[in-house]
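how does the following fold in three dimensions:
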Amino acid sequence: MRTGSLHDLRPDAFEYAWDNSVEPALEIDSGETVLLHVRDASDEQIARDSTAEAVAALDFGKVNPVSGPVYVKGAEPGDTLAVELLEFAPPSWGWTAIIPGFGLLADEFQDPWLRISEVEDGVVRFSDGVTLPFRPFPGTLGLAPAEPGTHSIVPPSRWGGNLDIKHLNAGTTLYLPVGVEGALFSLGDTHAAQGDGEVCGTAIETAMDVVLRLSVRKDVRVDAPQYEIPAGVVGERVDSGHHVCTGVGPDLLEAARDAVRATIAWLGDAHGLEREEAYTTASVGCDLRIHEVVDAPNWVVGCFIPESIFEGARAGPAL
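Predicted coordinates for the structure are as follows:
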């Protein structure tokens, strides 16, 4: 529930890197709420009528812009910033791409590929055979690092950043360690839906308005991001049968790759999906989970494919 003052961060307040020397775009008191107008991960380089040529031409110096930074009064190094995610305005469309050189199976998918999805009535229409529930969240949210200089948006860190945690929906609270005075919070990379792992490197990427509350917590200590999910939220997501493909081996990352490779093959055999569509479906709609990391020398990773995503859809062909 939104309470107190609502600060509207101007739409042109965004950055392409983490840097604690950047002047804050907004200053608020602890406990106040902020409305962010978040740009999509391509920074409008991909439009609703784009083709795969736009993916091939991406300027990577302008990807994952983050709205901010927001200075929170009273935040000091060693404190914790509580980020309460309150509201997400639904978009009308989103995009998913295979970007050459990026993704869990980058060596096996080297050509650019793009899918434009419609978002309406609480669902994301990804393809002729795949419909996803609309579950918005920010892929990137974090604080300025204590370390000076410019730092890439792409990898996450202990300060947060490009976490791509699909559970950070409305009602969730994220706790981040404060590294600099004022915390300097920023957010971007909003998604309409994603599977755990985001294996092809993109989700349903969208621009989106986000409302959140930022509070300084001096009674909480975290050294890396932690978050709280309301009761019942995780359970409501498993109201579906699943087919699960596993990867088994001594390397956890390679086991994850094997699970995704098996998922791609199964989606092709069982549902007739072409390889690119199967790979991106795994990214936007399927969940990687670690089953065990104790039975040396081999570990087990599963990729959960919900049966519910195949229950009716419509969308244009891949571009």
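
does anything pack onto the lengthiest helix in the chain? Which helices or strands?
Identified as the longest helix of the chain according to DSSP state H is helix 252-271. Under the contact criterion of 3 or more C-beta pairs under 8 Å, 6 or more residues apart in numbering; DSSP states H and E, helix 252-271 touches strand 242-249, helix 275-285, strand 287-292, strand 299-306. For glycine as for every other residue, the C-beta is placed from the backbone atoms N, C-alpha and C.

tell me the buried residues in that helix?
Using 16 or more other C-beta atoms under 10 Å as the test for burial, helix 252-271 gives 255-264, 266-267, 271.

how about those residues in JSON lines, adding distance to I99 and pLDDT?
Listed next are the buried residues of helix 252-271 as JSON lines, based on distance: C-beta to C-beta, whole Å; pLDDT from 0 to 100:
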{"residue": "A255", "distance to I99": "24", "pLDDT": "98"}
{"residue": "A256", "distance to I99": "19", "pLDDT": "98"}
{"residue": "R257", "distance to I99": "17", "pLDDT": "98"}
{"residue": "D258", "distance to I99": "22", "pLDDT": "98"}
{"residue": "A259", "distance to I99": "21", "pLDDT": "98"}
{"residue": "V260", "distance to I99": "16", "pLDDT": "98"}
{"residue": "R261", "distance to I99": "19", "pLDDT": "98"}
{"residue": "A262", "distance to I99": "23", "pLDDT": "98"}
{"residue": "T263", "distance to I99": "19", "pLDDT": "98"}
{"residue": "I264", "distance to I99": "17", "pLDDT": "98"}
{"residue": "W266", "distance to I99": "24", "pLDDT": "98"}
{"residue": "L267", "distance to I99": "20", "pLDDT": "98"}
{"residue": "H271", "distance to I99": "24", "pLDDT": "96"}
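
okay if I get those residues as TSV plus distance to V300?
TSV is the format used below for the buried residues of helix 252-271 (distance: C-beta to C-beta, whole Å):
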residue	distance to V300
A255	7
A256	10
R257	13
D258	10
A259	9
V260	14
R261	15
A262	12
T263	15
I264	18
W266	17
L267	20
H271	24
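
just flag the most distant two among the residues you listed.
Using C-beta to C-beta, the buried residues of helix 252-271 span at most 23.7 Å, a distance reached by A255 and H271.

quick one on the thing from earlier: among the helices and strands packed on helix 252-271, which is the most enclosed?
Ranked by mean neighbour count, the helices and strands packed on helix 252-271 are led by helix 275-285 with a mean of 25 (mean count of other C-beta atoms under 10 Å).

got the angle for it vs strand 299-306?
Helix 275-285 and strand 299-306 are oriented at 90 degrees to each other (axes from the mean of the first three to the mean of the last three C-alpha atoms, to 10 degrees).

just give the nearest non-adjacent residue to S240, would you?
S308 (3.8 Å; C-beta to C-beta, 6 or more residues apart in numbering).

which SS class is that neighbour?
Secondary structure for S308, judged by DSSP: H, G, I helix; E, B strand; the rest coil, is helix.

surely L267 meets I305?
Yes - with contact defined as C-beta atoms under 8 Å, L267 counts as touching I305 (7.1 Å).

shared neighbours of these two, which are they?
Counting by C-beta atoms under 8 Å, 6 or more residues apart in numbering, the residues touching both L267 and I305 are A282.

quick check: the residue nearest the centre of the chain vs L163, distance?
The centroid of the chain falls nearest to G139 when counting by C-alpha atoms, centre = their mean (2.7 Å). To L163, G139 is 7 Å away according to C-beta to C-beta, to the nearest Å.

also L85?
13 Å.

now swap in P65 and tell me
Distance from P65 to L163, by C-beta to C-beta: 16 Å.

how about E120, what does it touch?
Contact analysis of E120 by C-beta under 8 Å, 6+ apart lists S92.

now it, which residues is it bridged with?
Judged by DSSP bridges, the bridge partners of E120 are V123.

quick one, domains of the chain?
Per automatic domain parsing, the domain ranges recorded for the chain read 6-228, 238-310.

now find how far off-centre stretch 60-71 is within its chain.
Stretch 60-71 sits 14 Å away from the centroid of its parent chain (C-alpha atoms, centre = their mean, to the nearest Å).

residues touching that stretch, excluding its own?
Residues contacting stretch 60-71 (C-beta under 8 Å, 6+ apart): 9, 13-16, 22, 24-28, 34, 36-39, 41-43, 45, 139-141, 144, 153-154, 162, 182-189, 214.
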